[in-house]
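Engineer: sequence unknown, structure follows:
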């Protein structure tokens, strides 16, 4: 059966060049980066090189990068690590209503221990307003966490503006830290931590055509946090545990490729995405696009199809070899409609019918033709049996 | 658990989808937790289900259970139909995980409501 992968926001296939870069570290160069001998030095040099490559992707210094096991760990380390130290200073966190479950979960955990949380609305376009951030700040606010781009609808948040606000507040003597989850944005939007003025920024390797198993937290020089994993000196005491050298090397190589090829990849995915959306509009009625269509990532499209439920559509597409996702990939399997789509003010039917199509650098125009054909038939077939679109037939 | 071939076949080719214009038994039930909806229309004559059609909205198991139910009902007496169990519906689509049992429960609930509401003399 033909297969078309349109779920690049969930994970990406590993680039063969990335595999080639990591391969020596899965075979001959197997040393532990903490060992003193030559095997260890070889591994250490590779980790240091990868650290520079990842730092370059976001305009950071190499020593501001802490490698983790992935985006979820980076988010947990940022939020729980900083708040563990900031606790005595306050106890209020400002975040958005559409964060990734790993940010949401870490903040909910703090909430259970007495922290107060303000969740900023995103309105029908899926974008946080700077004014709302300003209004939410109070004497006890210690931490702000707003994602750079949303994982379900791709909307881009005003991170640089929030960063400027945080910086002004800090100039007035306030102790405030700003974290952004850039897992979806990295490699798709140019990132420069100096202009964003964030203190912490999370990254994940497997969204950048590297394998699962590595991520990073950018930690602005001077930002302190309580390690969430202890018992080793790795990552300058900020994250204990033997570094996954092959995965880190792969992450570095993928970050460098992402930086060099960003414009080309974006142009390609944007063109496929726009073509796809224009044809959906023309050929499938009652399709509703979710989130602002200008301020969003170039590779992503989130569409609700009225009268049908997302999981049914997903299975139909999957039976024809087309991979997409409903809600956040991590939320599939729960009965709750997507909280992100609900935050846009959509009704339950639209929230349940939302499908995310996320394009990648290796998708082709011909694949999009196939997906459109399969999608049209699947929507038609599900609408035929939906009680929300009644049709009456007479039988003998 | 992965969906079985028979399950996928019900999704690909739903049996008896639609609504009977001359139904004398009709019910539409909604699962209050997940919002899944099943609508069943039956034509019952002399205590026997002559024709059955379904419409469904919700997760794939709900769609497959609707299709399997509408198919198995045709020709069945209402008395036998009232004895159908969740397990029989689930078995007809190759089994259901514990998490998806609500789909078979909704099918049975809708079936009972349709027969009980039937305008056919019982």
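Structural biologist: That came through fine. For clarity, every value in this text was computed on a predicted model and none was experimentally measured.
Engineer: okay, now the closest residue to residue A:240 other than its chain neighbours: neighbour count?
Structural biologist: The shortest distance from residue A:240 to any non-neighbouring residue, by CB to CB, 6 or more residues apart in numbering or on different chains, is to residue A:232 (3.4 Å). All C-beta atoms are positioned from the backbone trio N, CA, C, and that covers glycine. Close neighbours of residue A:232, defined as other CB atoms under 10 Å in any protein chain shown, add up to 14.
Engineer: again with the one 5 residues further on
Structural biologist: The local packing count at residue A:237 equals 11, with neighbours defined by other CB under 10 Å.
Engineer: Then the one 3 residues further on?
Structural biologist: Other residues near residue A:240 come to 14 when the count uses other CB under 10 Å.
Engineer: that older thread, the residue nearest to residue A:240 contacts residue A:241, doesn't it?
Structural biologist: Yes. With contact defined as CB atoms under 8 Å, residue A:232 counts as touching residue A:241 (5.8 Å).
Engineer: before we move on, the earlier item: determine the three-state secondary structure at the residue nearest to residue A:240.
Structural biologist: coil (DSSP: H, G, I helix; E, B strand; the rest coil).
Engineer: List the residues that contact residue 69.
Structural biologist: This is for chain A. Residue A:69 is in contact with A:213-215, A:244, counting by CB atoms under 8 Å, 6 or more residues apart in numbering or on different chains.
Engineer: try again with chain B
Structural biologist: Here residue B:69 is in contact with B:40, B:52, B:54, B:84, B:89, B:92, B:107, B:110-111 (CB under 8 Å, 6+ apart).
Engineer: still on that earlier bit, out of the contacts of residue A:69, which comes closest to residue B:77?
Structural biologist: residue A:213 (59.4 Å; CB to CB).
Engineer: In the longest helix seen in chain A, which residues are buried?
Structural biologist: In chain A, assigned by DSSP state H, the helix with the most residues is helix A:245-283. Under the neighbour-count criterion of 16 or more other CB atoms under 10 Å in any protein chain shown, helix A:245-283 has A:245-259, A:262, A:265-266, A:268-270, A:272-273, A:276-277, A:279-280 buried.
Engineer: Pull the residues that contact the helix or strand that comes right after that helix.
Structural biologist: With elements assigned by DSSP states H and E, the helix or strand that comes after helix A:245-283 is strand A:287-289. Identification of contacts with strand A:287-289 by CB under 8 Å, 6+ apart yields A:277, A:280-281, A:301-306, A:346, A:350.
Engineer: quick one: strands adjacent to strand A:287-289?
Structural biologist: strand A:300-305 (antiparallel) (DSSP bridges).
Engineer: So what's the residue count around residue A:304?
Structural biologist: The local packing of residue A:304 (other CB under 10 Å) involves 24 other residues.
Engineer: Just to check, it is in contact with residue A:348?
Structural biologist: No. With contact defined as CB under 8 Å, residue A:304 does not count as touching residue A:348 (10.8 Å).
Engineer: per-residue confidence at residue 85?
Structural biologist: Just going to use chain A. Reading off the confidence values, residue A:85 has pLDDT 90.
Engineer: that answer is for a different chain, and I need it for chain B
Structural biologist: So, for residue B:85, pLDDT stands at 96.
Engineer: show me the contacts for it.
Structural biologist: Contacts of residue B:85 by CB under 8 Å, 6+ apart are residue B:108.
Engineer: Name the helix or strand for residue B:44, please.
Structural biologist: In this assignment (DSSP H and E), residue B:44 forms part of strand B:37-45.
Engineer: again, but for residue B:62
Structural biologist: Secondary structure (DSSP H and E) places residue B:62 in helix B:60-73.
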